[in-house]
Structures are given as structure tokens and as C-alpha cells.
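Trainee: pasting the structure only:
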């Protein structure tokens, strides 16, 4: 190593240790354990890594990023003391923890240490703060401007226009299978149905709360629109999940898709996507459908909550470590990783689709306790329709029947 | 062997079987009779980034009290077994009463989750098991006849499907049959159909799973038969040769009868294993086209916030009953043979 490089690395090392020392002071935690359970995508890595800066000889910070988080969190937080002190959750995965009373109310910690938090970040249930949200997310339109321009098309704003655009792109030989959507049976297919159904103005549950209400005209129309779109997706579309969709976008295999906001940053990052595709990618609100006025998508928030079965010292350490992670500096350093709810965050082009969908009045994904059972029933039963093995009414009736059986067993229906 | 000696040898294994097999099965059977308590719901105001809304919530404190009183949940008798996701008595009866033709009745029953899973499981078991036995035998005979120098490499190659981790083996095949993979794209060219997809078509998914099942299990049958072939009495074979029996006749009249007990053993093992088919369904993302009984159990336990323990337990008990029914003919045969010998 020559002397210049040596000096440079010495300077970097010195400044890094200064920063580290500074951040210990900023966290202000005396002692305690922080262990984080989280889903596995970029924005959550950013937050967990920022929380790790609080590690010191007296404070341990560990993390586990896994897509299986929702199946782990119930048993992990039932243990006493809990296996994890912090769980990163979203509006679907918080329901089960609330129903079984596994979360610690955060009001006192927010009052004492939650200086930077804004009111919109506080998830209040029956008056108590049960979780802190730090980003919003939604599936919305990803568009290839270059291909739309070549085909002489304007940006589609309704699903009917998306179909027409796909037809035009195919006819002009620009791309044989221009659309993509996450229609993999299971979680993904159900999420897309909920989005489309919401765009048609459908309500998932009857007004009294528990019985399902999907066997209606909106349900049939939503399924038929999904089938119509699938004609432009290539033969294996029923195996597409979020990962596969990002890969197809990167490989120039899709021109219009309904992608997640949390993945949008990667699609326009030249380090992760070929430059000509990254430059030509634009994001817009999810389209409306069937003459409806709100985008056919649902809004999600991601946030964190603390386990109930932990010591006061660990609770304080965990909350303060997360507050350190949610400083405005984190959002400033990673502006494209997510649509942050953090104070001072300036939206980037990567957030355009999520914010436009939110402004246009997209509904939040329901946070009711039985939603997980309905989501699963939809994911299992709707594939038969997509494969032409059943008509739409039968598929919806099957899903409703599967939901009712599960809901009876789980005690939500008599 | 005197009974005392027999007991001395068998008791550790008996104890382990009692603790780790019998007790869990009894507990699963007991659990299948219960379901979750009726949820106590209340309407509360919840607020977040998207505004406030009045929503239904579970009253966690009241539920905890209920659970403390009766930890098993509500007694449901055989209700879980007869509900629409299991044996579905009411639905089957209704389909029988209202469907005009037998074909229509079968179609409606096969649309019920349990029967859909059962039919795939049975097809898988009864197609894969015989093919594994036949293919394993053919490989064993072939390997037995190659020159001594080649034997080592050929045996290693034949065992590869068993050496490769099942998940990896399945994933490799899954990527190859993708419409952009080497097999999928070739088939599209051969059949001149750009929409042909091995993953989307239910029939082709079934065929793919059967092929994978045979590929994965054939080495097991091969190893057993190969070991058996080493013990086929050479003098019987030689006298058959002197009598002018052809190679095929020697296999048919000497080797196969001699190896029959081994075939029974492999059939037993494979029937049990194949009836519980699970991993290939996950690795081929074939849940929608080819659910099995084991997949139903897995799916019930992973239904997110509220795992359906009762449902999963009922499916487990039904699977155990299925295995017993399947093995019955083979076991009866063995018992008769044993008695004849004695």
C-alpha cells in the first residue's frame, strides 16, 4: 500500500470512529438489549442498520431480516421474555399482535423520547399509541416512457387505457408481453385482487364487520379485468411475485406494471438496473378502473412496535435506538429507499407513484383482525378462475366459503 | 429369541417410539376436536398515516381470560372433520342431490379443497411408486452388468438425484421448465406454441411433479435392488443357463422372484413417503395446481395471525388414516406369508 492510500484510509478510519463515537452519544442509551425482527427489503435494512449504530459495550443490537417475519412474530413475542424487543410491522401484520395483546403501549416513551415524531406517524388504537409508522407503500404504475413514446401513447390513467396501450405496444412489435403483475397464487394474487376490487369501489366485509361481502358485481368485474390484463403477461404469469416482477423490469421484459413503491428506488438506480431502462422508467398513481374515481390500489404503512414481554430497560433502549434510526439524517442519506414519513423528508422521483396514489384517495389496506384469513382464502381460491377452470362467480363463492370455514374455526363467525 | 432378550433389546426403541410418535399423535388427535374460542369483538377508533377510522378489534384482555379458563379452546367434536375444507359432508350431499349427471357431481366434489388435495396425493402415490420400483430395478440390473472398471462412476452418477439436496434438485428443474428456460423454450419450439407453459397448465404441472418424484426416488430403489442382486444365488442362475434360459428368462424366473420381498419393502416405504408429498410442491410453486394433504396442513399452520391448529390436526389425522388404509393390503400379505412360514 502506498503512503497516500494509507493516509487516506487512516483519515477515513479516524472519521468513521469519530462518527461512531458521536452516534453513541446521540443514542444516549446507558444499557439494554435491542433485537429487531423485520421483513426483508431495502428500506427496513436502512432503518435496522441505523439502529445498529447505537451498539456499545453496554448495549447490544441484533437484527433478523426474513420474509417469514409474520409467521415468526406471534410465537416469538408470546415467549417471556420475548425473543425480539422490536418488531417491524405493517398494517396487515400488526392485527394478530394486537388481537393477542403482545404489544407494549408506547405513549410514555413517545412523550419522553419521541421528539422528532409527527402525529401522522403514531398508530393509535383506542387512544393508545401501539406502533410508530416510518414509511408508506403501495403498488402503483411503473411505466417505460421510451416505449410509450415510440408507440405514440400518453401515460395511461385507467386500466382500460392500460389494456389499450398494451395492445398497441404488442401490435407495433415493440414488446410481445408488455404487462406484468404479481399474480402468484397465495399472498400476491390476493393483494392484487384486493387492489382491483377497491378500485371498483367494493367493500370486503359486510357493515357489521365479520361476514365477507365479495360475492358481488364488483368482485366479478375485478377478476375479469385481472384476466384481461393477464393476456399481455406471458405464459408463466401465475408464478410472478414481487421479486420476479423486479427482475422482469430490469431484463426489459415489461413496459407497464403494477409494482411496489418500496422497489421503485431499485428500478431507477443505474447501479441495479441497466441505464437505458432506469432512465426511461417513470412512476405514476395506480390507475382507476371501471369509471371509478380512486386508484385501484391499497395504501400500506410500515413501522415498528415493541414487545410487551420485555424489561423496562430493554424497552427504553429499543425505543431510543429506533428513534435514533428514524432521525431526519437517515431519510436524507437514503432518500430513494422508501416514501418516508420521517420529518424533513423531501420526496424523490421514486416516491412519485406512492404519493400520487395517496393524494388521489386510494384506500388503506384494512387493519381488521379477520383480514388475514380472508387474504389467505382469496390467494388459495382465485387461481382457478385465472386458469379458466372456473367462472368468476364460482371462484368468489369458493373464496367466501373457505373464509367462512376458517373464520368459524378462528371464532370470528358463529 | 426368548421374550426376555427380545424385550431387553427393544425397550429403548419402544420408549422412544412411545414418547416421540405415539404421544404426539394422540395429542394431535385430541387437538383436532377443538377450535378457537368465540372472539370477543369491540368497535374502536384507530388512527394512522391515512386518517382515523372506526374498526373492529379483538378484546385481547377478555380473550386471555377465556383462554386461561379453557386453554384447549371450544370443544367442536368431529365438526372440523366434516367442515367444507375437510370431508365436507353437507357439500357432497348437496352436490349429489342437485347435480344432474355423475360427471357434474365428480366435478363439484373435486372442487372441494380436501378432495382436490386427496386426488392429487393419490395420483402421485400410485403413479410414482410403481415407476420408482420399475426404474430402480432396471438401473440396478444395468449397473450390475457393466464392466467392473466403469461400475464406480456409474453408481455415483445413478445416486446423484439422492445426493443433491431435494430443494436444489427441484429448483434446478423449476428454472429449466420456465418458459425462458432450456426445457420450456425447447418445448415451445417443438410444439410451435409460444404460450405453452409447463408451470401454468395443471396437467403439465402434475406431469412435472411425477417426473421429479420418480427422478428423486429411483436411486433409493436402485440401491436396495443392487444390494439384493449381489445375493442372487449364482448356482441357480448357472443351472438356468445350462437349461438354455435366455437372459430375459433368467431375470423373469430367477432374479425377480428372489427380489420380491425387497420390492415389497420399497413399495411400503414409497407408499408412505409419496402419500406425504410436500417439498416438490413448494419448490415448484405448484400450490394452486397440485395441493396435497401435507400442503393443506402446512397452509393451515401458516394462516398468519390465527393459525388453524384444529384444522391442521384434523388433516393430519386424516393423512394417518390414509396411510393405514394404503399399507393395509401389503401388511396383510406379509402377515399371511409369516404365518405360512411359521
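Mentor: Cool, got the structure. These figures come from a predicted structure and were not determined experimentally.
Trainee: can you pull out the strands in chain A?
Mentor: For chain A, the strands defined by DSSP state E occupy A:32-38, A:59-65, A:86-90, A:122-125, A:128-144, A:179-180, A:256-260, A:281-284, A:298-306, A:339-340, A:363-364.
Trainee: who does the fourth one pair up with?
Mentor: Its sheet considered, strand A:122-125 pairs with strand A:128-144 (antiparallel), strand B:41-48 (antiparallel) by DSSP bridges.
Trainee: turn those strands into a markdown table, including mean pLDDT.
Mentor: Listed next are the strands paired with strand A:122-125 as a markdown table, based on pLDDT from 0 to 100:
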| stretch | mean pLDDT |
| --- | --- |
| strand A:128-144 | 96 |
| strand B:41-48 | 90 |
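Trainee: OK, contacts around the residue in the stretch 51-200 of chain A that chain B sits nearest to?
Mentor: In the stretch 51-200 of chain A, the residue that lies nearest chain B is residue A:96 (2.5 Å; Cβ to the nearest Cβ). No exception for glycine: its C-beta is placed from N, CA and C like everyone else's. Residue A:96 sits next to A:70, A:73, A:74, A:369, A:372, B:304, B:305, B:306 when contact means Cβ atoms under 8 Å, 6 or more residues apart in numbering or on different chains.
Trainee: who's in contact with the fifth one?
Mentor: To tie it back to what came earlier, the one meant is residue A:372. By Cβ under 8 Å, 6+ apart, the contact set of residue A:372 is A:92, A:95, A:96, B:303, B:304, B:305, B:306.
Trainee: ok, and the closest non-adjacent residue to the fifth one?
Mentor: Spatial nearest neighbour of residue B:304, excluding adjacent residues (Cβ to Cβ, 6 or more residues apart in numbering or on different chains): residue A:372 at 3.6 Å.
Trainee: for residue B:41, which non-adjacent residue is closest in space?
Mentor: residue B:56 (5.2 Å).
Trainee: ok so, going back, return the most buried member of the strands paired with strand A:122-125.
Mentor: strand A:128-144 (a mean of 25; mean count of other Cβ atoms under 10 Å in any protein chain shown).
Trainee: can you give me the offset of that strand from its chain's centre?
Mentor: Its chain's average C-alpha position is 6 Å from that of strand A:128-144, according to Cα atoms, centre = their mean, to the nearest Å.
Trainee: same thing with stretch A:254-272?
Mentor: The answer for stretch A:254-272 is 14 Å, by Cα atoms, centre = their mean.
Trainee: now check that stretch, is it near chain B?
Mentor: No. Stretch A:254-272 lies out of reach of chain B by Cβ under 8 Å from any Cβ of the partner chain, never closer than 13.2 Å.
Trainee: the residue nearest to the spatial centre of chain A bridge partners, please.
Mentor: Nearest residue to the geometric centre of chain A (Cα atoms, centre = their mean): residue A:137, 4.8 Å. Residue A:137 has these beta-bridge partners by DSSP bridges: residue A:300.
Trainee: close enough to count as contact, it and residue A:263?
Mentor: No. Using Cβ atoms under 8 Å, residue A:137 is not in contact with residue A:263, being 9.5 Å away.
Trainee: tell me which stretches of the stretch 201-342 of chain B form helices.
Mentor: With helices called from DSSP state H, counting those that start in this stretch, the stretch 201-342 of chain B shows them at B:202-229, B:234-242, B:247-250, B:256-275, B:279-283, B:293-301, B:309-341.
Trainee: and the chain, what are its domains?
Mentor: Reading this off chain A. Per the record, chain A has its domains at A:28-137+A:300-353, A:138-299+A:360-409, by automatic domain parsing.
Trainee: that answer is for a different chain, and I need it for chain B
Mentor: B:81-111, B:114-341.
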